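J.: I would like the atomic coordinates for the input below:
(chains A and B)
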Amino acid sequence: MKRICQLAEYGFFRCVLFICDTLPYSVTCLVARGTANLWWLVDKRRRIVARDNIIRSGIETDPKRALAIAKKACHNMALVIVESLRSTDFLSDDAIDQHLKIEIPDDVKAVLEDPEQSLIIASGHYGNWEVAGHWVSRYKPVAGITRAMNNPYIEGLVKKRKSRYRFRPIPKHDGNTGRFLEVLDNHEILALLFDQHAGEYGMMIDFFGHPAKTFKTAAILHLVTRAPLCFASCHRVGPMKFEINFSPLIQQARSGNKHEDIKAILSSLNRDLENTIRQDPTQYLWGHRRWRD
Amino acid sequence: MTDTSKQETILGQLRGILEESSSIEPDWDSFGPQSTIESLGLDSLTILDLLYDIEEVIGIHLEAKEVLNVTTVGEIIDMLVAKGA
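T.: Numbers count the residues shown, from 1 in each chain, chains lettered A, B, ... in the order given. You can find the predicted model right below:
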């Protein structure tokens, strides 16, 4: 029975892919928005979480307006999926300039162009992080943590699609930090999304003025391995048009106080993410319970 | 300093570092070179934390990748001694 359900899901997913691959982009977006609207109606719990998070962040105080932002953010998630599935088409060498504007400081560019250096890129669930990962893989292979699909058929298909660019997934529940070190040893890029509730591996760091358990992996890897670290975001400015912004390299000298060093790095990353979100709050994934008091 | 006393000094320093860490509470009565990383409740991320502290307290930089492959405290001590601790 389970297998039949998985095959049915797989069939549905193939249909979605077919729609994405064959229909004009504008039509695909309409379908995605429609699906997101349905999801919005059904998933009441996430709707409330998103609204409350927006209010707590101080970005909006009125519950109705907060809910409107949350709904647009739900549309954004649907767009992320559509854009990511089509990113190979519009990120080809001859089309890339029409779709992407890149702001990259000299120090980060130098690291990307140096075959002997690795780079840790910390980012959040804002805009389209997948597009940023795809673009940066032009320089070096990118590895990042991904959550495996429950359905093995869909998982296989997604892996096949992602292999079209140089992305290596590290399973979310593989707790072996050795995998990260391997990436850095190979002078590749380690892309980490740090803005989800970190549980026991986290450190309480202010996010929009409220303490949130923040993953400290990027910070401790930077402090121990000395691998360069920066923040990056990918802001959608129009249909299939994005601005990718990199922060300068985060230079945190070791003070001898590990807790304070990690806190300084994570505070800086959270501030960068807050500033990015303020640009357009509708492009952020608000539905995640980041604050768990 | 003899090798044995060096090792005992490092063992004491490692214990001090681990005691400072609030996230683990091993059985200190049986703590020694034979203690396994697993029995101490250390995972790969807490080992990275440990490496930061080792560098600060003992003044020796260990390669993270090498340390992640060790299975006992004694192996870490050997690595530190070999690097001149």
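J.: list the beta-bridge partners for A:Ile189.
T.: Counting by DSSP bridges, A:Ile189 forms beta bridges with A:Leu119, A:Val142.
J.: can I get the helix or strand where A:Lys101 lies in CSV? Just the C-alpha atoms.
T.: For A:Lys101, the enclosing helix or strand under DSSP states H and E is strand A:100-103. Coordinates of the C-alpha atoms in strand A:100-103 are reproduced here as CSV (Å, rounded to 0.1, in the frame of the first residue of the first chain):
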residue,chain,number,x,y,z
LEU,A,100,21.2,38.0,-12.4
LYS,A,101,22.8,41.0,-10.9
ILE,A,102,25.7,40.1,-8.7
GLU,A,103,27.1,42.2,-5.9
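J.: in it, what counts as buried?
T.: A:Leu100, A:Ile102 (16 or more other C-beta atoms under 10 Å in any protein chain shown). Heads up, the C-betas are built off the backbone N, CA and C, glycines and all.
J.: what lies in contact with the helix or strand just after it?
T.: Moving toward the C-terminus from strand A:100-103, the next helix or strand (DSSP H and E) is helix A:106-113. Around helix A:106-113, the neighbours that count as contacts under C-beta atoms under 8 Å, 6 or more residues apart in numbering or on different chains are A:104, A:117, A:119, A:136, A:139-140, A:189, A:228, A:230, A:246-249.
J.: in chain B, what residue lies closest to chain A?
T.: Nearest to chain A in chain B, going by C-beta to the nearest C-beta, is B:Ser44, at a distance of 3.5 Å.
J.: wait, that residue touches A:Gly178, no?
T.: Yes. In terms of C-beta atoms under 8 Å, B:Ser44 counts as a neighbour of A:Gly178; the distance is 6.0 Å.
J.: for the residue in the stretch 51-200 of chain A positioned nearest to chain B, give me the pLDDT.
T.: Proximity of the stretch 51-200 of chain A to chain B (C-beta to the nearest C-beta) peaks at A:Thr177, 3.5 Å away. Looking at A:Thr177, its pLDDT is 74.
J.: take the contacts of helix A:106-113 and write them to a markdown table, including pLDDT.
T.: Compiled in a markdown table, the contacts of helix A:106-113 are given as follows (pLDDT from 0 to 100):
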| residue | pLDDT |
| --- | --- |
| A:Ile104 | 97 |
| A:Gln117 | 97 |
| A:Leu119 | 97 |
| A:Val136 | 92 |
| A:Tyr139 | 93 |
| A:Lys140 | 93 |
| A:Ile189 | 96 |
| A:Pro228 | 97 |
| A:Cys230 | 98 |
| A:Phe246 | 98 |
| A:Ser247 | 98 |
| A:Pro248 | 98 |
| A:Leu249 | 98 |
